[in-house]
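Asks: got a predicted structure plus its sequence, pasted below:
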Amino acid sequence: MNNSISKKLEQYTIKKSQEVLIINVEIDDEPDQIAVFKGFSSSLMRPTAYDPDVPVLPDTATIITIDRIASPYNPDSPRYLQQDISWEDMQVLLSEVGV
């Protein structure tokens, strides 16, 4: 589980603590939006489990796009660092920080 997509994105935000990732995904054919910040994930559209070992972003999810936002995150006025990143491009960023 340490190499799961969710864990990799959480590790990225630990190393890049000044960033918030907003992940637009499909989980079981339903849209969801997940915020990842300082090693924690939370759904912005669904209830999030209290247990941190229950992944908010399952490996079966389809990542549509990822946005990098400067923290602190203000949903009314986000400060985008980069928008509409594909999973393939995000993997390059993960590699650059050693995740």
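Replies: Perfect, thanks for sending it.
Asks: from here on, just use CA atoms for contacts and neighbour counts.
Replies: Noted.
Asks: which residues sit in contact with the closest residue in space to Glu19 that isn't next to it in sequence?
Replies: Closest residue to Glu19 apart from its sequence neighbours, by Cα to Cα, 6 or more residues apart in numbering: Ala70 at 4.8 Å. The neighbours of Ala70, taking Cα atoms under 8 Å, 6 or more residues apart in numbering as the test, are Gln18, Glu19, Val20, Pro78, Arg79, Tyr80, Leu81.
Asks: rerun at 7 Å
Replies: With contacts defined as Cα atoms under 7 Å, 6 or more residues apart in numbering, the neighbours of Ala70 are Gln18, Glu19, Val20, Arg79, Tyr80, Leu81.
Asks: turn the buried ones among those into a named PyMOL selection, would you?
Replies: Under the burial definition 16 or more other Cα atoms under 10 Å, those of the contacts of Ala70 that qualify are selected in PyMOL by:
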select buried, resi 19+20+79
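Asks: how close does the residue nearest to Glu19 sit to Pro47?
Replies: For Ala70, the distance to Pro47 under the criterion Cα to Cα, to the nearest Å works out to 24 Å.
Asks: ends of stretch 60-74, how far apart?
Replies: So stretch 60-74: terminal residues 29 Å apart, Cα to Cα.
Asks: all the helices of the protein, in order from the start?
Replies: Ranges of helices within the chain are 5-15, 87-96, based on DSSP state H.
Asks: most tightly surrounded among those?
Replies: Most buried of the helices of the chain by mean neighbour count (mean count of other Cα atoms under 10 Å) is helix 5-15; its value is a mean of 20.
Asks: now the helix or strand bottoming out on mean pLDDT in the chain, how far from the chain's geometric center?
Replies: Counting by mean pLDDT, DSSP states H and E, the chain has its least confident helix or strand at strand 40-43, which shows a mean of 92. Between the mean C-alpha point of strand 40-43 and the mean C-alpha point of its chain there is a distance of 8 Å (Cα atoms, centre = their mean, to the nearest Å).
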